[in-house]
Structures are given as structure tokens and as C-alpha cells.
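1. Sequence isn't available, so here's the structure alone:
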């Protein structure tokens, strides 16, 4: 008799707030999957963040001041990067490649502006555009 393969997923029973349950119910319904699968996929997608937090908590138990300084420096660096991105957006400058790739919509080159409405748009002229959506 052949043995059945062991599932790569582990089934859990967890308690969540009614708000969490309602949110994942909506996500599951919209995605066409079970609540269990929606939560499991969400947790898979956020695994790196959970690993990072686990590492930092373990380090904080051993050296809390060091981790606090590290997280503070991380937050300051993030604030600096955010300020640079916002300043570039205000000026209309193209974003540096590392920042623009994270912000660019999928399927479009970073920093490329459309000169006509997207094909799904049946109208809508932008400022300075002639009839037909062309500059």
C-alpha cells in the first residue's frame, strides 16, 4: 500500500479578534480562497518581517541598548530616504533606480510618464493634451 505524501503545510488553531476575522473573510471572498489559505498565504508573505522581528527581539534580550541604537539608526535612515523621495517627487525629478523600482507600477519602466490615457480608460484628457489623449 503506497504511503500518502506528508503535506508541506501545518494546520494551526489560532484566536484572532473579530476585526481580524472580518478582514480575512473579505480577503478570502475577494480572492476566491478559504480564510485559512488567505491567512496562511499572508503569513508566508510576511515571513521575512517576522524573522527580522524575532532576530531583533532575541538580540534585545542580550543587548537592549545596542538594538535600540540599531533600530533608531534604521528609522533615521528610512526618514532620510523618504524625505529624498518626497523632495524628488515635488521637484518632478526622476527617482534614483533603487527608489523608483520599489515605487514603479508593475509592467512600466521606472520614471516613464504616459502621454496618453491607459487603454482601459475610455476618455479623460490630461492637462495640455489634445483630443485623443496626445500632447
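-> Noted; the coordinates are in hand. Keep in mind the model is a prediction, meaning the values are calculated, not measured.

2. only C-alpha atoms for contact and neighbour calcs from this point on.
-> Noted.

3. and the gap between residue 51 and residue 76?
-> When CA to CA, to the nearest Å is applied, the distance between residue 51 and residue 76 equals 22 Å.

4. hang on, I meant residue 50
-> Residue 50 is 21 Å from residue 76, by CA to CA.

5. same question, residue 9
-> Counting by CA to CA - residue 9 and residue 76 are separated by 38 Å.

6. Looking at those two, which has the bigger crowd around it?
-> residue 76 (12 against 7; other CA atoms under 10 Å).

7. Which of the three states applies to the more buried one?
-> Under DSSP: H, G, I helix; E, B strand; the rest coil, the three-state class of residue 76 is helix.

8. care to break the protein down by domain?
-> What automatic domain parsing lists as the domains of the chain is 14-45, 52-97.

9. where among these is the average confidence lowest?
-> With a mean of 89, domain 52-97 has the lowest mean pLDDT of the domains of the chain.

10. Residue 39: what's its closest spatial neighbour, skipping adjacent residues?
-> The shortest distance from residue 39 to any residue other than its chain neighbours is 6.8 Å, reached at residue 24 (CA to CA, 6 or more residues apart in numbering).

11. Quickly find the element holding that neighbour.
-> Element membership of residue 24 [criterion: DSSP states H and E] is helix 18-31.

12. What residues of that helix count as buried?
-> Residues 24-25, 27-28 are the ones in helix 18-31 that count as buried (16 or more other CA atoms under 10 Å).
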